[in-house]
Each structure stands twice: as structure tokens, then as C-alpha cells.
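Undergrad: the following block contains a protein sequence and its predicted model.
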Amino acid sequence: MEKLDFIKDLLKFIDDSPCNFYAISNAVERLERSGYERLYENERWNLKQNVKYFVTRGGSSLIAFTVGDNVEDGFRIVGSHSDSPSYKIKAKPEMIKEGMLVFNTEPYGGMIVSSWLDRTLSLCGRMVYEEDDMLIEKNIKFDEDLVTIPNLAIHLNREINNGYTYNQQKEMLPIVETITKELGKTFSKDNFLLEKISETYGIKKSSIKDFELSLYDRQKGSIIGLKKEFFQVGRIDNLAMAHASIEAIRDADTSKFNMIVINDNEEIGSSTRRGANSPFLNNVIDRIINNIGADFESKSIAIANSFLISADQAHAVHPNYPEAFDPTNRAQINKGVVIKIANNGAYTSDSHSIARFKTLCKKAGVKTQTFYNRSDKRGGSTIGPITASKIGINAIDIGNPIFAMHSIRETGGVDDHVDTYNIFKEFFGGYKWQ
């Protein structure tokens, strides 16, 4: 696939994945097209050698893997996450303010708040409804320009350009419509969302037991720049890494134990059933070991020989804010994949894992850069340290440099995404290192 075609495929994946649930369902569709067989956590597994499998948890986390020839050679794992900062709709969200219907929201993750203002937004997520005495989960989204969160005019807020702080409870509520006497003829103000879901999906209100929805940006992704070297879209953090790992493992060497993990809830600390701090990955490894007839000794050897690439995003040095970055470890867009290092343990990279990763990148023909936070700034973290500490696996944290991380629209480099895919493909291709 040509370089720009690959980026167009990335943008389609992200545009089709306005929230975590859709990201996983789209990953499932791609894996099934490539011959991956679905497993279920609540059923017995009967794994076969050189066959490809996947399993999901909660509709928003996924593990895909191949059953290779010798498990003691170890697992080659790429980890990413499916969630991104957004605004979640609270229960009983309908509120009337100054003659308008607005939704009560709660921030999810640490977003750049101002980037959500004056945007065309809509809602996506999932619902749970009852049918024939069974509870059924279904992904839902409103494919329409539904709501917006308007700014207050500068004439009424002269401090807006002077470091203004938005009140998350009062000022970030999306406006739906004007309340009139005729509103009840369409949707009632107290059950607007329930009735909207019922009408859109043809399910009785009484059958819908619950739903969870997030705001999402309606603007599609774009390839930009004079030389078409950048792409801009929401949720690059971290659906870009999820996309690269999915595409790399689709045709991976089935003689090896290759694996991708896409966890949910990284943006809020990972301590959920679907997050990296859950036993999901370890349970899957245990079931693989048990299914192929290996023992605890084999698992211990396998873990010692395994390697995890914790793949997230990195901060690109910003030409308008160069003082925000470390003096000697600053990453530039389209100048190589970034090795992320933090001596406070926020990233899991160490000298051994860095050496192994650099060797892999050299084999793949990809350059590397290093990133540290400034010593007087507190940075973020990833699933890497959590996974490495829970399982004891050797791991590295890497990323691609992007602008405006956690904005409603982020900017990344075309070459960087293609390079990362090539690294993962080499990783899954059975490359051996000392």
C-alpha cells in the first residue's frame, strides 16, 4: 500500500471509531477479514497451532494473538489503548437553561478544554436493552450534527485570552435545542436521549435498560501541509498506534506467539476491568499456556523471553513553544519513532529494552529519537509500567511525535505512522536479537 493510501486508511479507521466501543468493533472486523477466529472469555478454548485468534472484554478492550510453535521463545506484544479524552453524558442529563435544552456532562481524561468549544458535535457509545429475557449490548452513534458547546463572546468575557479557566460543570454543557411548547410532540425534555435512541434504533423505551454516551467531533480527518507530510484528526492518541498494530499483526508469522493488546481506560489510570491494571492479559496468557499443554515452568521461561512494545504517542517539539521541552531530548515530527524515558518510572524503558528496540528499528530501516520531560514538568504515563510490573515482562515505551496531544484534533506525521507500522511488522515477522 502506498504511503498516503495507508494514512487514508488510518483516517478512515479513526473517523469510523468515534469512541472506544467503535474502535474495538472496527478492529474486530479487520481481524476477522484476515482469518482471526473469535474466542469468548466465558467459553472453553480449544486452541490450535499456527491459528490466529482474538478475544474482547467489555466491548472496548481486545487481545489478538497467534499460536506459534514454541511458547518458550516468548510472546511478542504490542500494547495500545482504545480510549481518548472526551465528555461523558451523565445519567438524567437533560437540563433546561434559559429556554434551551442542554446535556449534563462529565469530563473523561485530561483534555484541552477549549478545543471542544464552537465545534459541531454528536454522541456515540453503547446501550444495553432487553430482548427475549436477555440483555443485549449494542454500539450506538448519532450520525448527525446534533449539539455544540458555544463560547461566550469576547465582549462579555474580556479575560478569555488571558489564561481563562473553564468551569467544567457550568460552561461545558452541550446545547441541544430551543425548548418550545411543541417539544413534547417529538421528544420530552425529561427523556430526550432515551426517546432519541428508541426512535433511531427501533427499540422500545421500556426495553432500553441503560446507555453510556460520549461527545465526539463530527469533522473528518485530513492529510495536510504543502508536501502532504502531516495528518490531522481527533484521537490520534491512541487509535493511531492501535491501527498500526492491527495492520501489522493481520498477516503476522503464525509460527510465532505474536500478540496485540488494546486496553481501555488508559486516560483515567487503567484501574478498571477493561484497563491494563486488570488481569485480562495475564488471564489470556495463562489460558494459552494451559491450552497448548505447557506448564508453569514453560510460562516462566516464555515471560522471561517475551518483549512488550508499549505504543502510545509522544510530544513533538513545538516551534511556538520550544521552552516547554527538554534541552537535549526533543522529538521532531517525521524524524523517527520516539523512545520515551522517565527515571520516575512513568515509562518502562531501560537500557536493555532500549538497546533491543534500537536493534529492531535498524533492521526495519527506521530512525529513533529520545524524549524526556523537562525536569521541572510532570508528564503523563502509559500502560507500559503497569503491564511490565504485573507480568514481569521486559518492555519499552515508544511513541510518535504529535502536536496538541489531548486536543479534540491532534496533528501527526505521515512518515512516522508508516515507520511504526514497519517496525511492528518486523517485530511480528520473527526477527531475532541477542
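TA: Looks like it arrived, so ask away.
Undergrad: which stretches of the stretch 301-434 of the chain form helices?
TA: Taking DSSP state H, counting those that start in this stretch, the helices of the stretch 301-434 of the chain run over residues 351-364, 383-391, 414-428.
Undergrad: any chance of these in CSV, with mean neighbour count, distance to residue 239 and mean pLDDT too?
TA: For every residue, glycine as well, the C-beta is placed using N, CA and C. Compiled in CSV, the helices of the stretch 301-434 of the chain are given as follows (neighbours: other Cβ atoms under 10 Å; distance: least, Cβ to Cβ, whole Å; pLDDT from 0 to 100):
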stretch, mean neighbour count, distance to residue 239, mean pLDDT
helix 351-364, 16, 22, 96
helix 383-391, 21, 14, 94
helix 414-428, 23, 11, 97
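Undergrad: between these, which one is closest to residue 110.
TA: When the helices of the stretch 301-434 of the chain are ranked by proximity to residue 110, the top entry is helix 383-391, at 16.1 Å, counting by Cβ to Cβ.
Undergrad: among the helices of the stretch 301-434 of the chain, which is nearest residue 132?
TA: When these are compared by Cβ to Cβ, helix 383-391 sits nearest residue 132, at 38.1 Å.
Undergrad: could you name the helices and strands sitting against the closest one?
TA: strand 75-81, strand 257-263, helix 280-291, strand 307-315, strand 394-402 (3 or more Cβ pairs under 8 Å, 6 or more residues apart in numbering; DSSP states H and E).
Undergrad: among these, which is nearest residue 300?
TA: When the helices and strands packed on helix 383-391 are ranked by proximity to residue 300, the top entry is helix 280-291, at 9.9 Å, counting by Cβ to Cβ.
Undergrad: ok, and what's touching that closest one?
TA: Contacts made with helix 280-291 from outside it, assessed by Cβ atoms under 8 Å, 6 or more residues apart in numbering, are listed as 41, 45-47, 55, 57, 61, 63, 65, 67, 71, 75, 257, 261, 263, 273-274, 295, 298-299, 302-303, 387, 390-391.
Undergrad: pLDDT below threshold where in the stretch 101-250 of the chain?
TA: Low-confidence segments of the stretch 101-250 of the chain, defined by pLDDT under 70, are located at 181-188.
Undergrad: mind listing the strands for it?
TA: Assignment of strands within the stretch 101-250 of the chain using DSSP state E, counting those that start in this stretch yields the ranges 121-131, 134-141, 175-178, 208-217, 222-224, 230-233.
Undergrad: out of those, deepest packed?
TA: Per-residue neighbour counts averaged over each of these give the maximum for strand 230-233, namely a mean of 23 (mean count of other Cβ atoms under 10 Å).
Undergrad: got a list of contacts for that one?
TA: Taking Cβ under 8 Å, 6+ apart as the criterion, the residues outside strand 230-233 that touch it are 7, 10-11, 14-15, 220-224, 333, 409-414, 417.
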